[in-house]
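> fold the following.
(one chain, ligands or ions: 1)
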Amino acid sequence: MSSSAPTLHEKLNHLRHRFIEQLPARLQQTADKWQQSHLSLEAESRLAPELHRFFHSLKGTGRSLGFERIAMLANQGEEALKTSPTPPTLNSLIPQLFQQLAEEIKYLQSQQGQQTVLASLNSIELSSAIAQPRSKRQRLIYLCDDEPDQVSQLLHHLRCFGHEVVHFEDTESFFNAVITRRPDAIIMDVQFPQGNTAGTETLTSLNKLTGERLPSIVLSSYGDFYSRLSAVRAGCNGYFTKPIKPLDLMLAIDELTTPLDEEPLRVLVVDDEPEAAAYHSLILEEAGMIVQQVNHPADALAALDRFSPDLLLIDVYMPVCSGEELATIIRQQSAHIGLPIIYLSSETDSQKQLSAMTAGVEAFITKPVTPDELVSAVQLRAERLHLLRSLMTQDSMTGLYNHSTTTDMIGKALAHAYREGSQHAMAMLDIDHFKTVNDTHGHLAGDQVIITLARLLKTRLRVSDIIGRYGGEEFVVLLKGITAERAAELIDELRHDFELVDFHAGGERFRCTFSAGISSFPNQPSTEALRLSADQALYLAKRQGRNQVVISKEHDPNHRSAAQRDTGKQ
Ligand SMILES: Nc1nc2c(ncn2[C@@H]2O[C@H](COP(=O)(O)OP(=O)(O)OP(=O)(O)O)[C@@H](O)[C@H]2O)c(=O)[nH]1
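Residues are numbered from 1 along each chain as shown. You can find the predicted model right below:
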C-alpha cells in the first residue's frame, strides 16, 4: 500500500507537537535552577543570562510556530530581565510566569487546546510559489492522444527524462482528470473521432471552467491557418505538426515549465533551537531549496565547507557565541567573503538590529517571519551569488559541473564518506563512436547528443549525486551510498533508455549508445584511484563491443556487467 508524502501542514503540525512535548521538561529544568539560585544573590545574577536566553528563544520559536500566548509570556520574562528590576520584583514575577507557562502547555496538550492549534495551523497561508516547489525535477504531464504509434514513442521519451506522464485516449477522461489534479503541462492532439478540433475545444472549455490558462502544447496533422487559430484561441503555448520530433517537444515542455538546469538554492540554517531551525528549514525546503541545519555555532565552519551553501541563515541570539560573532568569524575567511548572511531574531529593537548589521550581513529578519517573507528574502539575496557560482563551476553547454568542480566535489564527498564509513560508486560514461556521429550528422547534432545524455543523467539520478562533464563526450558520476553492483544496474537502465532516444539531423533519424565503467569507494580510496579504476573498466567495455556497463576488475574479478548478463556475453 502506498502512503502519500506528508503535506506542509502535517509536517508543521508534527513540529509543533514536538515543541510542546519537550517544553515541560525544559521549563522544569529552568524553574529548578531558578529555585536553587535563590540561595545567593551571586547565583541569581549568574543565572540571569541563561534565563534571558530561555525566554528569548521561547518567544521566537513560540511565535514562529504560532503559540501566541507562550510567546507573550516569554516576552514578559525577557523584558523583566532586560530592564533589570530589583530582585524582589523578579522573585515574584518569574515563578508566576513559570506557572502560567506550565498552565498554557497543559491547555495546549488538552483536546480543546489541540483543536485551537489545528485551527491556527490551517490559517497559515502559503503562496503558490511555496505550494509548488520551483526546482522539483519531475513534472506531471498529461498526454491526450488516441494514435497508438505516436503515443508509445512520446511516452518513452517523456518517461526516459524522468517525467511522470499520464496518458488519456479520450478527451472526456482527460477533462475529468484535470479537474481532480492539475498537471504541470498538457500535450493535446487536436483531432479526435468527435471532431477535427475536439482537442482544442476541450482545452477551451477547461480554461473557461478553471479560470486559468493551463500550459499546453498541441499536436496536429495539419499546419493550416484555421487549425493554428483554434489552438491560439484555446490559449495553447506551442503547436507541433506531425511527425513529432520528441526531443523538440521536450524542449518546448522545458520552456513551459521551470528550466531543468536551475539548481536549487542551498541554505545553511544555524540556530541553537532545533524546533526553530526545523521550522525555517521546512518552509525553505517546501519552496524547493536544499537546506541543512546546524544547532551549534562551532559546527558551522565544517558545515560551510561540506555543504557549500548559497546563503547562511543565522539566529542572532545563541549560547557560546552570538550570531554577530559567528558572522565575523566567517567573514574573516576569504573563501566565504561573498556568502550572503541573513540574521534571524526576535529582536525588535532597531538600534540593536543596526549594530548587528555591522558584521556585514545582508538582512535582518524579525521572528515570527511568514513563509512568503522568508522565502523571498532568501531568494533575493542568494540568487546573485548562486548565478556567479554556477558560471564558475558549470559546463556552459550541459549545465553539469565542469572538470575541476567535479574533482573537487568528489574529493569532499570521499572525505565525508571516510569519516562516516559509507560507500560510494563512480561511473565513467563515454558516448560510443562519437567521432562518427559528428562526421555523419554534423557537430550541432553531436552537441544535441551530449546535451541529451547530460539531461538524462540529471533527471534520473538523485539530486545528491555528483554529475560532471569530464571532457568532450565523457561524463563522470559519483553515485552516493550505493554499491558498484547497484550503480551498474542504475547506469544500465539509463544505457537501455538512451539507446532508444531518436535524434534528428538533416532530415535523418539516428540513435546513439554509450559505454560505462564502474569503480567503488572504499575499494578505491581516492578520487584518482576511483577514476583510474572506472576508466579501465570503461576501456574494457569499449573493447568488448561498446554499449555496455562493466564493473572494475579490482572490485570483483568474477563480476560480469549487467549488460553482459543481459546479453549473455562473456
Ligand atoms: N559535437 C561535439 N563533439 C565533441 C565535443 N567534444 C569533443 N567532441 C568530439 O568527440 C569525438 C571523440 O572521439 P573519440 O574519443 O575518438 O571517440 P570515438 O572513437 O568516436 O568513439 P569511442 O571509441 O566509442 O569512444 C572527437 O571527434 C571530438 O572532436 C563537443 O562538445 N561537441
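> rest of the way, CA atoms for contacts and neighbours
Noted.
> check which residues of stretch 54-70 are buried.
54-67, 69-70 (16 or more other CA atoms under 10 Å).
> relative to the ligand, which of those residues is nearest.
For those, the closest approach to the ligand (CA to the nearest ligand atom) belongs to Ser64, at 49.8 Å.
> dump the residue contacts of the closest one.
By CA atoms under 8 Å, 6 or more residues apart in numbering, the residues touching Ser64 are Ala276, Tyr279, Lys367, Pro368, Val369.
> do you know how far the first one is from Gln293?
Meaning Ala276. Counting by CA to CA, to the nearest Å, the separation of Ala276 from Gln293 is 10 Å.
> ok, the two, which is more surrounded?
Ala276 (26 against 20; other CA atoms under 10 Å).
> which pLDDT value goes with the more buried one?
We have a pLDDT of 87 for Ala276.
> leaving out the residues flanking it, which one is nearest to it?
Thr61 (5.2 Å; CA to CA, 6 or more residues apart in numbering).
> what residues does the stretch 51-200 of the chain put near the ligand?
The stretch 51-200 of the chain comes close to the ligand at no residue, as judged by CA under 6 Å from any ligand atom.
> low-confidence ranges, the stretch 51-200 of the chain, go.
In the predicted model, the stretch 51-200 of the chain carries pLDDT under 70 at residues 84-89, 116-138.
> the same query, at a cut-off of 90, please.
51-69, 71, 75-96, 105-140, 147-164, 179-182, 184, 191, 193-197 (pLDDT under 90).
> now the helices for it?
Ranges of helices within the stretch 51-200 of the chain are 68-82, 87-109, 111-122, 128-131, 148-160, 171-180, 198-210, based on DSSP state H, counting those that start in this stretch.
> would JSON lines of those helices with distance to Gln544 be doable?
Shown next, in JSON lines, are the helices of the stretch 51-200 of the chain (distance: least, CA to CA, whole Å):
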{"stretch": "helix 68-82", "distance to Gln544": "69"}
{"stretch": "helix 87-109", "distance to Gln544": "67"}
{"stretch": "helix 111-122", "distance to Gln544": "61"}
{"stretch": "helix 128-131", "distance to Gln544": "50"}
{"stretch": "helix 148-160", "distance to Gln544": "26"}
{"stretch": "helix 171-180", "distance to Gln544": "48"}
{"stretch": "helix 198-210", "distance to Gln544": "50"}
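> okay, Ser519: pLDDT?
Ser519 is given a pLDDT of 97.
> state the number of residues packed around the nearest residue to it once chain neighbours are set aside.
Nearest non-adjacent residue to Ser519, counting by CA to CA, 6+ apart: Ala534, 4.8 Å away. Residue neighbour count, defined by other CA under 10 Å, stands at 29 for Ala534.
> one more: Lys553?
17.
> over to Arg306?
Neighbour count of Arg306, defined by other CA under 10 Å: 14.
> quick one: the closest residue to the ligand within the stretch 101-250 of the chain and Leu154, what's the gap?
Proximity of the stretch 101-250 of the chain to the ligand (CA to the nearest ligand atom) peaks at Leu247, 16.8 Å away. If you measure Leu247 against Leu154 using CA to CA, the figure is 9 Å.
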